[in-house]
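> for reference, the sequence and a predicted model appear below.
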Amino acid sequence: AQSVTQLGSHVSVSEGALVLLRCNYSSSVPPYLFWYVQYPNQGLQLLLKYTTGATLVKGINGFEAEFKKSETSFHLTKPSAHMSDAAEYFCAVSEGGTGFQKLVFGTGTRLLVSP
Amino acid sequence: DTAVSQTPKYLVTQMGNDKSIKCEQNLGHDTMYWYKQDSKKFLKIMFSYNNKELIINETVPNRFSPKSPDKAHLNLHINSLELGDSAVYFCASSQGLTGGAYEQYFGPGTRLTVT
């Protein structure tokens, strides 16, 4: 069964600094990988996803992530943090292929951005 | 227009009561889900329906009973509420059944507090 590990329940950065949120996955078959963001008191919103093809994926709000099969990782980055990026970020995995596949979420990383 | 809506947004009730949460999506999606997010922000799937048919039931107590009257609606009824049921419940929807590559669209959540 697939699983996701997010290192660091909290990450603090200064405004303008690089954002790096770590995600490692476990899957017995080629995975589909997702990053979702949850702003306070809201539902989750998709930032980006990797299914097949190019391993560097660009998403909304300047975020991107790189699928590294050899490292079983899918880390999320943004070159310059904004105050509005403060939120909870969830990495998620589902198994590729046909048929229904459920989405398994990591435990989330809270991003704190200071002025 | 709200893509995935839930009612109510907040629900405070006493142990032993029965309550329902309603969800509607106007995206034309075939698949809908219920997730539970606990106090530590951990998000776990509870149920999934495809074209009104139950396809996932994740070891949820049978006090929880989902119902899908049509593709656009998925309701959650909870009997004999317990303190441990306190959480935020999210409804979500996605297009199609095949594979796990589809983005899930989340509702704003229903915060259930059992006293």
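Done, it's in.

> now do residue A:98, the pLDDT please.
Looking at residue A:98, its pLDDT reads 65.

> then residue A:24?
Note on residue A:24: pLDDT of 97.

> how much space separates the nearest residue in space to it that is not next to it in sequence from chain B?
Among residues not flanking residue A:24 along the chain, residue A:5 sits closest, at 4.8 Å (Cβ to Cβ, 6 or more residues apart in numbering or on different chains). Every residue, glycine included, has its C-beta placed from N, CA and C. Using Cβ to the nearest Cβ, to the nearest Å, residue A:5 is found at 13 Å from chain B.

> what's near enough to touch residue A:5?
A:23, A:24, A:25, A:26, A:106 (Cβ atoms under 8 Å, 6 or more residues apart in numbering or on different chains).

> name the residues linked to the third one by a beta bridge.
For residue A:25, the residues forming beta bridges with it (DSSP bridges) are residue A:4.

> report how many residues lie close to it.
Neighbour count for residue A:25, taken as other Cβ atoms under 10 Å in any protein chain shown: 20.

> was I right about it contacting residue A:72?
Yes - the pair residue A:25 / residue A:72 is scored as a contact, 5.6 Å apart, by Cβ atoms under 8 Å.

> how about the residues of chain B near chain A?
B:4, B:31, B:40-45, B:48, B:50, B:55-56, B:58, B:90, B:92, B:97-101, B:103-104, B:106-109 (Cβ under 8 Å from any Cβ of the partner chain).

> and the strands in the chain?
Using chain A. Counting by DSSP state E, chain A has strands at residues A:3-5, A:10-14, A:19-21, A:24-26, A:31-38, A:44-50, A:56-58, A:64-68, A:73-78, A:87-95, A:104-105, A:109-114.

> can you look at chain B instead?
B:4-7, B:10-13, B:19-25, B:31-37, B:43-50, B:53-57, B:64-70, B:73-78, B:87-94, B:105-106, B:110-114.

> least confident of those, on average?
Sorting these by mean pLDDT places strand B:53-57 lowest, at a mean of 86.

> which residues does that strand contact?
With Cβ under 8 Å, 6+ apart as the contact definition, strand B:53-57 has outside contacts at A:100, A:102, B:31, B:33, B:45, B:46, B:47, B:48, B:49, B:66, B:68, B:97.

> quick check on the residues you listed: which are buried?
Among the contacts of strand B:53-57, those classed as buried by 16 or more other Cβ atoms under 10 Å in any protein chain shown are A:102, B:31, B:33, B:45, B:46, B:47, B:48, B:49, B:66, B:68, B:97.

> what's the farthest-apart pair in those?
Greatest spatial distance among the buried ones among the contacts of strand B:53-57 (Cβ to Cβ): B:46 and B:97, at 18.0 Å.

> residue closest to the middle of chain B?
The residue lying closest to the centre of chain B (Cα atoms, centre = their mean) is residue B:34, at 2.8 Å.

> who's in contact with that one?
When contacts are counted by Cβ under 8 Å, 6+ apart, residue B:34 is found next to B:23, B:45, B:46, B:47, B:48, B:66, B:74, B:76, B:89, B:90, B:91, B:92.
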